[in-house]
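[1] sequence plus predicted model, see below.
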Amino acid sequence: MPIKRCKRPYVDDDFSSWAPGFQALKEAQKFKSENPSFIVKARKSSLSKTPANFQASFYRKYFKSYEQHIQIRSERELLPAKVSYNQYNCLATISAGWSLFARRSKLQPGDVTVFELINREDPLFDVHIYRAHG
């Protein structure tokens, strides 16, 4: 069954010029690759056990089911994770595996990560981290 479109797209309104990590976001937006990618900004809430949200349009374009197991490659380490899409609240999330990735990567509020889809068949993402402080 194809994934349904959202009536209300996810909008990340925490990327304003006064927010922590705005400079990191500007740097992350300069990232160029032939591979598809999406951006996740680390928030205080998403660094606990809360999943990280990302663009539902990316999820609908590259995944065919409502849940998908993935691998995250960060600093030569492969971490298992799960991405999912909830058509009722129009959110795509990185859930299982997100908190482990955040801890191991020492993410802080305001850090910005670019998830680059390297392999579509057996979903593998390379992660590029842009630090908010330092």
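    On my side now, so go ahead.

[2] quick one: residues in contact with stretch 127-134.
    20-21, 23-25, 27-28, 31, 42, 72-74, 101, 105, 107-116 (C-beta atoms under 8 Å, 6 or more residues apart in numbering). To be clear about C-beta, it is placed using only N, CA and C from the backbone, and glycine gets the same treatment.

[3] residues contacting the residue sitting nearest the centre point of the chain?
    With distances taken as C-alpha atoms, centre = their mean, the residue of the chain nearest its centroid is V40 (4.1 Å). With contact taken as C-beta under 8 Å, 6+ apart, V40 is in contact with S46, A52, N53, F54, I94, V112, T113, F115.

[4] ok, 6 Å please
    V40 sits next to A52, F54, T113 when contact means C-beta atoms under 6 Å, 6 or more residues apart in numbering.

[5] can you name the residues bridging to the first one?
    With DSSP bridges applied, A52 shows beta-bridge pairing to I94.

[6] tell me if I'm right that it and A96 touch.
    No. The criterion here is C-beta atoms under 6 Å, and A52 misses it with A96 at 11.6 Å.

[7] the two: who's more crowded?
    Taking other C-beta atoms under 10 Å, A52 and A96 do not tie; A52 has more neighbours (24 against 16).

[8] how close does the residue nearest to V127 when sequence neighbours are not counted sit to A132?
    Here the nearest residue to V127 in space, its sequence neighbours aside, is S74; by C-beta to C-beta, 6 or more residues apart in numbering that works out to 4.5 Å. Going from S74 to A132 by C-beta to C-beta, to the nearest Å gives 17 Å.

[9] just the ones of the contacts of stretch 127-134 in helices?
    In helices, defined here by DSSP state H, the members of these are Q23, A24, L25, E27, A28, F101.

[10] most surrounded residue in those residues?
    Result: L25 is most packed of those (other C-beta under 10 Å), 22 neighbours.

[11] just the pLDDT for it.
    At L25, the model reports a pLDDT of 89.

[12] how about R43: what's its closest non-neighbour residue?
    P109 (5.9 Å).

[13] how many neighbours does the one you found have?
    P109 has 16 nearby residues by other C-beta under 10 Å.
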